[in-house]
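Asks: when you get a sec, could you give me coordinates for this:
(2 chains)
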2 protein chains.
Amino acid sequence: MLGPVNVAGIPYRTIWPDPDGSAVSIIDQTLLPHRFATVRLAALPAFAHAIREMLVRGAPLIGATAAYGLAVALRHDPSDTALGTAHAALLATRPTAVNLRWAIDRVRTTVAPQPLLRRAEAAWAEAGRIADEDVARNRALGEHGLALLEPIVRTRAHGRRLHILTHCNAGWLATVDLGTALAPIYLAHNRGLPIHVWVDETRPRNQGASLTAWELGQHGVPHTLVSDNAGGHLMQRGQVDAVIVGADRIAANGDVANKIGTYLKALAARDCDVPFFVAVPGPTIDWTLAEGSRIPVEERNPREVTHINGLDAQDRPAEVRLAPTSTQAANPAFDITPGRLITALLTARGTCPATTNGLRSLFPDLAPLPPLAPHTPELPP
Amino acid sequence: MLGPVNVAGIPYRTIWPDPDGSAVSIIDQTLLPHRFATVRLAALPAFAHAIREMLVRGAPLIGATAAYGLAVALRHDPSDTALGTAHAALLATRPTAVNLRWAIDRVRTTVAPQPLLRRAEAAWAEAGRIADEDVARNRALGEHGLALLEPIVRTRAHGRRLHILTHCNAGWLATVDLGTALAPIYLAHNRGLPIHVWVDETRPRNQGASLTAWELGQHGVPHTLVSDNAGGHLMQRGQVDAVIVGADRIAANGDVANKIGTYLKALAARDCDVPFFVAVPGPTIDWTLAEGSRIPVEERNPREVTHINGLDAQDRPAEVRLAPTSTQAANPAFDITPGRLITALLTARGTCPATTNGLRSLFPDLAPLPPLAPHTPELPP
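Replies: Down below sits the predicted model:
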């Protein structure tokens, strides 16, 4: 279960099973970047807690974790009732994550026809396949992304590094291995291409400052942290060659829901003629949504905006309050980047325009066959 | 010296002189929003420290503070040498602030022809005029801005509040009184117009979360704090009626240098058909710069990105580290918003398009008379 991405020189995946099928281990990502600690999940409530409290995050890793969680629940009770209860409990942990539903639906479909005594084993095997397929998909996605970056490198002066900007964390930590948005970057770096990453800090949860900066640093990829406000300025000054971000959910027309602030970077990229790529793990495409404005946007705890966690002067974890006590805050977790702002979607099957036809051309087997109903625009609230 | 803006119910200006001309008092804005403390400045080094370390910030307040600083220096030594030394020391504190140079040049020009014994008094009087003119200008700017907001209010359903988004702090605290971007908001609120402000937190120094949220709260203006990443999403959802920001420096063609991240909000406003207004105090216009790309952008300490200040659980000031120790950061302080993205400039003399002709029409007496040289585009670095 070794990965191509290193932590302090040791190859790791982000989730690895006990050989006996009783539990999995994960990295508690809420402690990063200040502490590297692993957690063993051996019962359904631990899995639900790990997903809900974001010990694991990122659509593909959430999916794999939930799949293993369903398998572990069935080991304790393989009945139809337990299957339904566990499925519902896992589904309720993160409402916007379409991978989560996809993964646990897949496990349920696999085990439902099985006799009770075989269910846990079948679910465990299916969860393992989901994890391995994620790794294979990310590697393929990385190769296709790298093929888009190589022509940009050739236009650079000799010795000039390729500068990529990324938002949030769609890296190794968000997947079972290698990452989605960062997969082309790891492959480029591993092959000796001179590359440098601008890392958006990604307020309010700072996944860029805490996760992306950490994993790039562990693997030795040159990078510079910037505030979310800086990306437009860097693009205006010609200091960004391409933007690559991940996707939490993609509508059938190519609109992308991703971490709040992605839309602003896409606007700047278009204004400055910088290519804007979105890395798309297949199951993230939601064919039931005709367009992005239909994607529900999670509103998270306002405390994430008014307070922030870090290490104090004595290197102890500490939370500080940033705003006056009486200040109210709002905290939408995602925004929608319209397909018109996206240069290309990067997928395991290749690259395509961020359009209905683009997605259908790459995923004819997954796209619903009847044409989508004509769109009725929604009025703003 | 009472202002129309209240702190805990008491009207305040942000800078107020001792009656005997020996010192001024300011609010130490680095302690806000957690502590309201005033500081008395009675010698040149204290003034230079207050400007450089941002105890006072905002172009108009920096200008007034520097003017008083020069007057206090002349009280100690009115010689030509001391005048030159004090002028240079104040000018060096903040390289991007054009108001600072304008204010101290004005004081120097006033006192230079005076006999030594009259210089301190003349400088003190001139600094007082600079402060009073700022208040009058902001009031006029606020009235013109309010005239642009009122038609938007009339298109709203009955009882619907007007939603304004602002970035950084171009409020009361950034000026001698009333603010620039916030002046129309205070006037609207004081006249009973239902108004609500979306406050960008404004990383990395968090002037929105710490200053704008604080001053709006002290005066009782309804507001909600959001991360800098959220504004595009709010505009997409129709939850922003107008954006109003300040300006640190304006080129002769209407391009605006303002706090890093302003450009991203201007792009979102254009994409979502939201009016984008820039409040311009007159002296902020730099007629010597043909366009915004010529404005030098200050690169500040990367520690502002990797560390953040707040109050800990015991309400003690504390700094926490956000990123891994090995992470490098970049910290550009401003970006340039092209005039093409700006709906109108708000000034004390009225509103105008963000163009050379727009600025010339409002400031024919200040604009240089010969036409500007044709522009040769700069290549990106």
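
Asks: contact partners of stretch A:74-88?
Replies: A:21-22, A:43-44, A:69-70, A:73, A:104, A:108, A:111-112, A:116-117, A:119-120, A:123-124 (CB atoms under 8 Å, 6 or more residues apart in numbering or on different chains). Bear in mind the C-beta positions are built from the backbone N, C-alpha and C, glycine included.

Asks: please redo it, this time with the cut-off set to 7 Å
Replies: A:21-22, A:43-44, A:70, A:73, A:104, A:108, A:111, A:116, A:119-120, A:123 (CB atoms under 7 Å, 6 or more residues apart in numbering or on different chains).

Asks: in PDB, list the C-alpha atoms belonging to it.
Replies: C-alpha atoms of stretch A:74-88 as PDB (Å, rounded to 0.1, in the frame of the first residue of the first chain):
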ATOM      1  CA  LEU A  74     -21.500  -4.800   8.300                       C
ATOM      2  CA  ARG A  75     -18.800  -6.800  10.100                       C
ATOM      3  CA  HIS A  76     -20.600  -5.900  13.400                       C
ATOM      4  CA  ASP A  77     -24.100  -6.400  12.000                       C
ATOM      5  CA  PRO A  78     -24.700  -7.600   8.400                       C
ATOM      6  CA  SER A  79     -28.600  -7.200   8.500                       C
ATOM      7  CA  ASP A  80     -30.600  -5.200   6.000                       C
ATOM      8  CA  THR A  81     -31.600  -2.900   8.900                       C
ATOM      9  CA  ALA A  82     -27.900  -2.300   9.900                       C
ATOM     10  CA  LEU A  83     -27.000  -1.700   6.200                       C
ATOM     11  CA  GLY A  84     -29.700   0.900   5.900                       C
ATOM     12  CA  THR A  85     -28.800   2.600   9.200                       C
ATOM     13  CA  ALA A  86     -25.100   2.700   8.500                       C
ATOM     14  CA  HIS A  87     -25.800   4.000   4.900                       C
ATOM     15  CA  ALA A  88     -28.000   6.800   6.300                       C
END
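
Asks: separation between the spatially most central residue of chain A and residue B:273?
Replies: With distances taken as CA atoms, centre = their mean, residue A:58 lies nearest the centre of chain A, 3.4 Å away. Separation of residue A:58 from residue B:273 (CB to CB, to the nearest Å) stands at 34 Å.

Asks: residue A:294 too?
Replies: Distance from residue A:294 to residue B:273, by CB to CB: 21 Å.

Asks: what do you get for residue A:332?
Replies: For residue A:332 relative to residue B:273 (CB to CB), the value is 20 Å.

Asks: who's more crowded, those two?
Replies: Higher neighbour count among residue A:332 and residue B:273: residue A:332, with 18 against 8, using other CB atoms under 10 Å in any protein chain shown.

Asks: return the list of helices and strands in contact with the helix or strand of chain A with the lowest mean pLDDT.
Replies: None of the helices or strands of chain A scores lower by mean pLDDT, DSSP states H and E than strand A:285-286, at a mean of 86. Strand A:285-286 makes packing contacts with strand A:249-251 when contacts are defined by 3 or more CB pairs under 7 Å, 6 or more residues apart in numbering or on different chains; DSSP states H and E.

Asks: how far off centre is the helix or strand that comes right after the strand it packs on?
Replies: Sequence order places strand A:256-259 as the next helix or strand after strand A:249-251, per DSSP states H and E. In terms of CA atoms, centre = their mean, to the nearest Å, the centre of strand A:256-259 is set 10 Å apart from its chain centre.

Asks: what strands flank strand A:256-259, and is each parallel or antiparallel?
Replies: strand A:249-251 (antiparallel), strand A:334-337 (antiparallel) (DSSP bridges).
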